[in-house]
Each structure stands twice: as C-alpha cells, then as structure tokens.
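Trainee: only geometry, no sequence info:
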C-alpha cells in the first residue's frame, strides 16, 4: 500500500509542478512575443524614414520591457513557488503591456503601409 505524503512535502510537489508549468508557459509567450517583435522590426526597416524613426523608438521601448521581463522570468525560476506569487503577477502584467504595444505597433504599420 502506498504511503501518503504528509505536511510540507505533499504541498511542495504540486506547487513546484504548477510553478514549472507557469514558467514554461511564460517562456513560450516570451518566444512568441520575440518573434512578433522581430517581424515588427523587419517591417519598420521597410517603412518610410519618418515612420521608421517613430517605430524604432517604440521598438527600443519594447526591447527594454522584454529584457526586464526576461530578468523577472529568470528570477522567478530561481525562487520557490511561495515567493513567486507577487513576481508572477507583475510579470504577467508586463507581458500584457508588451503584447498590447506590439499589437498597436503592428496596427500602425498596417495603417501607414
């Protein structure tokens, strides 16, 4: 008959699995956003000079946000599941902001192209 885990060990395993799943999902989102950002950069290079300057400023801001989010993601990976809650909330907010900014940039390109 199998023994049931008791106490902290029983709670730690599901929390660690959840943290790992969350981390993998966020890494996948980071890769997808990176691809979208690369596509946006390619389109910016083809845009007119005036539009290119504005777009390149937006891209630099997005790249900075992406770098910050990656640092937070790395920190999340190093910390335990209990400490990751507040970090995860902030990271998800940052990803949403980056996603919105990339979508807006792409929409502006479609409108000006």
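Mentor: Happy to help now that I have it. Owing to the predicted nature of the structure, the values given are computational and were not obtained by experimental measurement.

Trainee: Could you use CA atoms for every contact and neighbour count after this?
Mentor: Will do.

Trainee: For residue 14, which residues are in contact?
Mentor: Contacts for residue 14 (CA atoms under 8 Å, 6 or more residues apart in numbering) come out as none.

Trainee: chain center to the helix or strand harbouring it, what's the gap?
Mentor: Under the criterion of DSSP states H and E, residue 14 resides in helix 8-46. The chain centroid and the centroid of helix 8-46 are separated by 6 Å, computed with CA atoms, centre = their mean, to the nearest Å.

Trainee: Okay, buried residues for that helix please.
Mentor: The neighbour-count check on helix 8-46 (16 or more other CA atoms under 10 Å) flags 19, 23, 26, 30, 33-34, 36-37, 40-41, 43-44 as buried.

Trainee: next SSE after that helix?
Mentor: Helix 8-46 is succeeded, C-terminally, by helix 49-78 (DSSP H and E).

Trainee: Next, the buried residues of that next one.
Mentor: 51-52, 55, 58-59, 62, 65-66, 69-70, 72-73, 76-77.

Trainee: Which of those residues sits closest to residue 107?
Mentor: Nearest to residue 107 among the buried residues of helix 49-78 is residue 55, at 11.5 Å by CA to CA.

Trainee: that older thread, the buried residues of helix 8-46 into JSON lines, with extra columns for pLDDT and distance to residue 102?
Mentor: Formatted as JSON lines, the buried residues of helix 8-46 follow (pLDDT from 0 to 100; distance: CA to CA, whole Å):
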{"residue": "19", "pLDDT": "80", "distance to residue 102": "27"}
{"residue": "23", "pLDDT": "85", "distance to residue 102": "22"}
{"residue": "26", "pLDDT": "85", "distance to residue 102": "17"}
{"residue": "30", "pLDDT": "84", "distance to residue 102": "12"}
{"residue": "33", "pLDDT": "84", "distance to residue 102": "8"}
{"residue": "34", "pLDDT": "84", "distance to residue 102": "10"}
{"residue": "36", "pLDDT": "85", "distance to residue 102": "7"}
{"residue": "37", "pLDDT": "85", "distance to residue 102": "7"}
{"residue": "40", "pLDDT": "82", "distance to residue 102": "8"}
{"residue": "41", "pLDDT": "79", "distance to residue 102": "10"}
{"residue": "43", "pLDDT": "76", "distance to residue 102": "12"}
{"residue": "44", "pLDDT": "73", "distance to residue 102": "12"}
